[in-house]
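> Pasting a predicted model and its sequence here:
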Amino acid sequence: MWGYLLRRLFESALILLGITFVTFVLLYLVPADPARQIAGRSATAETVANIRDQLGLNDPLVTQYWRYLTGLFQGDMGRSYLQRAEVSSLIASRLPASLLLMVSAIVTELIIGLTIGVVAALRRNRPVDHTLMILSFVAISAPQFVIGILLLYVFAVQLGWFPIGGYGTFAHLVLPSVTLGLLGAGWYSRMMRSSMIEVLNQDLVRTARAKGLSKLRIVTRHVMPNAILPIIAMIGIDIGLFMSGIVVVESVFGWPGIGQLAWQAIQRVDIPVIMGVTMVSATAIVLGNLLADFVAPLIDPRIKTK
Amino acid sequence: MKSMLLSSALGLALTATGALAQVDENAPQGGAMAVTYQDDVATLDPAIGYDWQNWSMIKSLFDGLMGYEPGTTTLRNELAESYEVSEDGLVHTFTLKDGIMFHNGREIVADDVKYSLERVTNPETRSPGAGFFGMIDGFDTWNAGEGEGLSGVQVIDDKTVEITLSRPDATFRHVMALNFASIVPQEAVEEAGEDFGRQPVGSGAFRLAEWTPGQQLVFERFEDYHRAGVPKLDSVTFNIGLEPTVALLRIQNGDADIPGDGIPPAQFLQVVNDAEYEDQIVEGGQLQTGYITMNTQMAPFDNVDVRKAMNMAINKDRIVQMINNRAVPANQPLPPTMPGYDEEYEGYAYDPEAARQMLADAGFPDGFETELYVMNVDPNPRIAQAIQQDLAEIGVTAEIRSLAQANVIAAGGEADQAPMIWSGGMAWIADFPDPSNFYGPILGCAGATPGGWNWSWYCNEDIDARATEADAMVGDEAAREDAWRQIYVDIMEDAPWVPIFNEQRFTLHSDNVTGDDSLFVDPVHIPVNYDYIYSTGAQ
């Protein structure tokens, strides 16, 4: 187990290193000169040259990459070209909001997704099942931007139950969590349904029924715990899905997280910030996968760690 | 924005003038306002901030020696009590007002002026505005990282500072009214270091009370502001992170007063035609021109007749209609609200038949193939398509290259990359209300360098000389304006651009705030003049 853990950690570190390299090269190749962006439209050629020199942009790619990497190992992600603030502090100030939204969206997608999955499985091939599965299909396919605006319009503007975007209270959290969680809820409802159906057909259910247990007890005590296992392992992998969703949802709801930061940095070619956010989300995704790998054997001993 | 003529009465020695006719200086104080924005504010450092979001914010937090009468392009003294110019136009002596304070409670002295101007021109500051100060004596050495400071700025005593120019320059007072010339306290800048943009300390009408990144900024009234009775509002809150469509919902719900990013294009007609908003939308001009550049160093645009034919081929009315009449058709580089605009000039009329003939006479009877670069944000690709269709009418096949803003700008800065560029979303809005601001970087020889903004790579040395001459005409504003007017008309003879339109501004505001219309379309404060707008609820 420990050897496996070490090996997976080592692999993850290699993956992250690879990501720093690929991202760095890609941003280096973007045909937009950051020095010109900073210098603005009234700058003389000397000013631009001077800025390029100060930021070390004249150095060869390898030198620049090495400088970035050594800084990174010392916890220094550089300073934003535009805001001049340290990238690490910009990210640190926004990470809590994104984590809160993510945790809350996971809870939301589990509650909605699992409930729908269980109900659909128990009412298999009946109108309730069909309706729920069509709804889950809609949740998977609808653009999050549209869902977000729609929820805002109905529940915030028309009904006035929630504030129109922003951050701060529990009420602010509800609509963005639902918007972000709905996509996952669609997936989970379908997975839970098939997983439930599979377990319902197994011998243990027939045995339990033969023992004379009530239907409610069979479902809650025997079927659901077994059906839920494969889904728990999925949550870690989900983080990648959230990272892309968060950019859209945070921009619709004015949620002050790293998605918003990333979006603005991309528009303004603020390379240190783009690098920083990419590294943080890559780390989150790698950790999520790592977690999924470790949790799976714990909850299902049939999966062996080598 | 009824009258935007630059005052020609600005003599050689001016003192602060009294109240304005348009703007009610006696409007009641009190109340608050909420402004929405999608993007977080990049910085509030006046030496660095250079976008339309922080430009007006910085104007409210900082003051320079010069400023503008609210709602107009008329210069006025701000921190300066008075100033004098020497006979040869080279030495400008400013006297500071008495008892003017920074937000940290310290009085402003002449040393602060010297420090601030040296800071913005110091290469270490990496200010995008450093180039504006090129006329100050000693700029070249100091900006190259040599010497002990800006030798042209001398402190005479606590209240007096003398600025020597290396050449007479009529735009100097406008430059001293730019945000980049704001006066900042050395101790606060040094204490905050690179974070001064997050902890700004100035002497403006408001001071920054709170900044929660990604969420909101709160500006509070600066009680010791040097103009009595200003600002009108007690506070302005900027709510950040709101997508324009969501911002509009907030306005409709009464949760916000001004959408900083404007009315979203998709809802524009619906909002403008809604009777409910009739009194809440203010329309005004903007010191902006949208144009197509033709690279005069690339065939076939090195042929002036080809460029003229292009000018006749584009149906500008249709383009203006396409963007819901949020602009007026243009026929010359300057916008109508800019001093020096030629009202008599008729430009090239839309005439595809004549254009086709002209192209044939120039040796292209079957037209040619070319590329049109455009920024990839709506409505620009749609405008490019309209241009493409018009060009197809005269036999010119233009392939559209729709790219991110930074990439189009980079392509324009290469001598042989972009044959045609539609400027929308990138250029050009004036930095200050003076005709010279539409020349140097975008039409002058200086801008026709790698990385420059003269995307036509147009360089007419005769016109360059006349531009230098016009800028040296200090003291006779009318003659100078005439000189510039003729320069732009002559440039159109060379036709390096197809001027398409001048954008109009439509500012929506809630009925919670009010003030003269000019404040809501203030030419130098975009979207609005935060200092003079007042609350309808204030007594």
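Sure, I can see it.

> Next, see if the one helix or strand B:Pro381 maps to gets close to chain A.
Per DSSP states H and E: B:Pro381 is located in helix B:380-393. No: applying CB under 8 Å from any CB of the partner chain, one finds helix B:380-393 separated from chain A by no less than 14.7 Å. All C-beta atoms are positioned from the backbone trio N, CA, C, and that covers glycine.

> I'd like to know how far B:Met420 sits from A:Ser104.
49 Å (CB to CB, to the nearest Å).

> out of those two, which sits in the busier spot?
B:Met420 (26 against 18; other CB atoms under 10 Å in any protein chain shown).

> For the more buried one, name its beta-bridge partners.
B:Met294, B:Leu372 (DSSP bridges).

> need the contact list for it.
Each residue near B:Met420 by CB atoms under 8 Å, 6 or more residues apart in numbering or on different chains is listed here: B:Ile292, B:Thr293, B:Met294, B:Asn295, B:Phe301, B:Thr370, B:Glu371, B:Leu372, B:Tyr373, B:Ala398.

> gap between it and B:Ala398?
7 Å.

> Skipping adjacent residues, who's closest to residue 46 in space?
No chain specified, so I'll use chain A. B:Ala144 (6.8 Å; CB to CB, 6 or more residues apart in numbering or on different chains).

> Correction: the question concerned chain B.
Using CB to CB, 6+ apart, the closest residue to B:Pro46 is B:Ser182 (3.7 Å).

> That neighbour and B:Val175: what is the separation?
For B:Ser182, the distance to B:Val175 - CB to CB - is 12 Å.

> The two: which has the busier surroundings?
Shown here are B:Ser182 and B:Val175; by other CB under 10 Å, B:Ser182 has more neighbours (27 against 21).

> didn't the more buried one look like it was pressed against B:Ser60?
No: checked against CB atoms under 8 Å, the pair B:Ser182 and B:Ser60 is beyond contact range at 11.1 Å.

> which among the contacts of B:Met420 end up buried?
B:Ile292, B:Thr293, B:Met294, B:Asn295, B:Phe301, B:Thr370, B:Leu372, B:Tyr373, B:Ala398 (16 or more other CB atoms under 10 Å in any protein chain shown).

> May I see the residues you listed arranged in CSV, with pLDDT and distance to A:Glu11 as well?
Below are the buried ones among the contacts of B:Met420 laid out as CSV (pLDDT from 0 to 100; distance: CB to CB, whole Å):
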residue, pLDDT, distance to A:Glu11
B:Ile292, 97, 53
B:Thr293, 97, 52
B:Met294, 97, 55
B:Asn295, 97, 51
B:Phe301, 96, 55
B:Thr370, 97, 51
B:Leu372, 97, 48
B:Tyr373, 97, 44
B:Ala398, 96, 51
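
> between these, which is nearest A:Arg221?
B:Tyr373 (66.3 Å; CB to CB).

> Could you double-check that that closest one sits in contact with B:Glu399?
No: contact criterion CB under 8 Å: B:Tyr373 and B:Glu399 do not qualify, at 9.9 Å.

> that older thread, if we only consider the contacts of B:Met420, which is nearest to chain A?
B:Tyr373 (12.1 Å; CB to the nearest CB).

> Could I get the average pLDDT for the lengthiest helix in chain B?
The single longest helix within chain B, with elements called by DSSP state H, is helix B:477-494. Mean pLDDT, helix B:477-494: 95.

> for it, packing partners?
helix B:461-471 (3 or more CB pairs under 8 Å, 6 or more residues apart in numbering or on different chains; DSSP states H and E).

> Against B:Ala327, how distant is A:Pro96?
From A:Pro96 to B:Ala327 the distance is 44 Å (CB to CB).

> hang on, the earlier thing: what do B:Met420 and B:Ala398 both touch?
Common neighbours of B:Met420 and B:Ala398 (CB under 8 Å, 6+ apart) are B:Thr370, B:Glu371, B:Leu372.

> Switch those over to a markdown table; also include distance to A:Leu135.
Formatted as a markdown table, these follow (distance: CB to CB, whole Å):
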| residue | distance to A:Leu135 |
| --- | --- |
| B:Thr370 | 51 |
| B:Glu371 | 47 |
| B:Leu372 | 45 |
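
> With neighbour numbers in mind, choose between A:Pro96 and B:Ala327.
B:Ala327 (23 against 11).

> Provide the partner residues of that one in its beta bridges.
B:Glu503.

> which ones are touching it?
Contacts of B:Ala327 (CB under 8 Å, 6+ apart): B:Gly290, B:Val320, B:Phe501, B:Asn502, B:Glu503, B:Gln504.

> What score does the first one have for pLDDT?
Right, B:Gly290. For B:Gly290, pLDDT reads 96.

> just checking, it touches B:Asn502?
Yes: using CB under 8 Å, B:Gly290 is in contact with B:Asn502, at 7.4 Å.

> For the stretch 201-350 of chain B, which residues are neighbours of chain A?
Checking the stretch 201-350 of chain B against chain A by CB under 8 Å from any CB, the hits are B:212-215, B:239-243, B:245-246, B:249-250, B:252-253, B:255.
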